[in-house]
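**Q** Build me a model from this:
(one chain, ligands or ions: 1)
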Amino acid sequence: MYYNENTIIYFTGQFVKAAEAKTDLYSQSLHYGYAVFEGIRSYPVNGGSKMFKGKEHYDRLRRSAEVMKIPFSYSTDQLVELTYETLRRNGFTDAYIRPIVICSPNMALSKGKESYLAIECWEWTNGYMSNKMKIMTSSYRRPNADAFHVDAKVSGHYVNSILACQEAKDNGFDEALVLDSNGYVAESSGANIFYENNGVLYTAPKGNILPGITRATVLEICEELNIPVQEKFFTPEKMRGADAGFFCGTAAEIVGLSSLDNVPFAKEWEDTLSYVIQQAYKCKVLEKPFQLEQKVA
Ligand code: PMP
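**A** Numbers count the residues shown, from 1 in each chain. I've put the predicted structure just below:
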């Protein structure tokens with residue numbers, strides 16, 4: 001359960017109980033998936049709660065609203081402040097934060113007239129990063145970039161994610177690897193993807209993916225640790241049987257993959273650069289110094 005009778009959310013100008021908040025059955029968001037949202041993590045840091053890259057997430061939310069022509073006037077600083085207040089009112093430190101911008105009642109296929117902001121959060125109890133995901137190449141493709149703003153975080157886009165993720169689960173896998181409309185690897189239902197071969201990391205370029213804030217953090221880590229990384233198109237055949245692979249996203253953090261289409265990744269997770277990156281990411285979000293072990297040659 002994401003909330004109980006005590007949970008507080010921010011909703012259009014006030015802090016209210018989640019159980020008592022009301023939304024509109026005639027909203028454009030409900031009927032057409034016309035809403036924008038974010039997924040943010042806060043971590044326990046120095047005895048308090050610290051959002052990881054909160055500013056970057058709220059900049060993206062504002063941009064998503066802008067490209068979708070949803071009116072939205074909050075500044076990033078205001079949004080950050082309101083989020084810390086929502087966390088404080090709920091007493092959360094280790095949490096997942098879900099802001100969503102919902103549109104007013106309107107059955108027409110025209111741009112949003114008015115919007116409402118909700119900031120919801122719940123305690124994070126999933127623990128940190130695992131390493132054993134079995135994934136399959138999905139029969140669903142990502143929406144074509146000419147048909148949609150794929151780099152914006154829009155609710156309706158996630159119907160495609162639900163189809164891909166559920167197909168993988170129905171076939172006994174943990175997650176889906178989703179290709180773009182040209183047949184190149186794009187991302188998973190809710191995370192970006194990297195694979196590693198012979199000491200080099202590869203990830204899909206921007207264009208047909210949601211360019212994640214975690215993906216950008218992984219690129220930063222590679223730069224800091226001198227790990228070679230290439231942003232380029234590649235097919236699932238290139239990735240199958242490679243040394244290692246991982247998904248990365250705010251909720252997923254860095255999750256190691258054990259196999260793709262039942263073909264195992266070749267190296268032990270702990271012997272890979274991907275593992276080093278996972279450890280470095282953990283240090284970054286918790287604001288701890290990273291001591292590089294003898295992993296990078
Ligand atoms: N791709 C998709 C489709 C996602 O839903 C997410 C999660 N927001 C990501 C990638 C990763 O983005 P981020 O690292 O910003 O969470």
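
**Q** For the stretch 1-150 of the chain, list the residues in contact with the ligand, please.
**A** Neighbours of the ligand within the stretch 1-150 of the chain, by C-beta under 6 Å from any ligand atom: residue 39. (C-beta placed from N, C-alpha, C; glycine too.)

**Q** all helices in the stretch 1-150 of the chain, in order from the N-terminus.
**A** Counting by DSSP state H, counting those that start in this stretch, the stretch 1-150 of the chain has helices at residues 28-32, 54-67, 76-90.

**Q** Just send the ones you listed back as TSV, with mean pLDDT too.
**A** Formatted as TSV, the helices of the stretch 1-150 of the chain follow (pLDDT from 0 to 100):
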stretch	mean pLDDT
helix 28-32	98
helix 54-67	98
helix 76-90	98
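
**Q** Kindly reformat those as JSON lines and extend each row with mean neighbour count.
**A** Formatted as JSON lines, those follow (neighbours: other C-beta atoms under 10 Å):
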{"stretch": "helix 28-32", "mean neighbour count": "19"}
{"stretch": "helix 54-67", "mean neighbour count": "19"}
{"stretch": "helix 76-90", "mean neighbour count": "17"}
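
**Q** Ok, which of those helices comes nearest residue 145?
**A** Across the helices of the stretch 1-150 of the chain, residue 145 has its closest neighbour in helix 54-67 (12.5 Å, C-beta to C-beta).

**Q** what helices or strands is that closest one leaning on?
**A** With contacts defined as 3 or more C-beta pairs under 8 Å, 6 or more residues apart in numbering; DSSP states H and E, the packing partners of helix 54-67 are strand 36-37, strand 40-45, helix 76-90, strand 95-103, helix 213-224.

**Q** Now distance to residue 285 too, for these, in TSV please.
**A** As requested, those are exported to TSV (distance: least, C-beta to C-beta, whole Å):
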stretch	distance to residue 285
strand 36-37	21
strand 40-45	5
helix 76-90	15
strand 95-103	13
helix 213-224	9
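
**Q** before we move on, back to that, need the helices of the stretch 1-150 of the chain in CSV with distance to residue 45, can you?
**A** What follows is the helices of the stretch 1-150 of the chain, written out as CSV (distance: least, C-beta to C-beta, whole Å):
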stretch, distance to residue 45
helix 28-32, 33
helix 54-67, 12
helix 76-90, 12
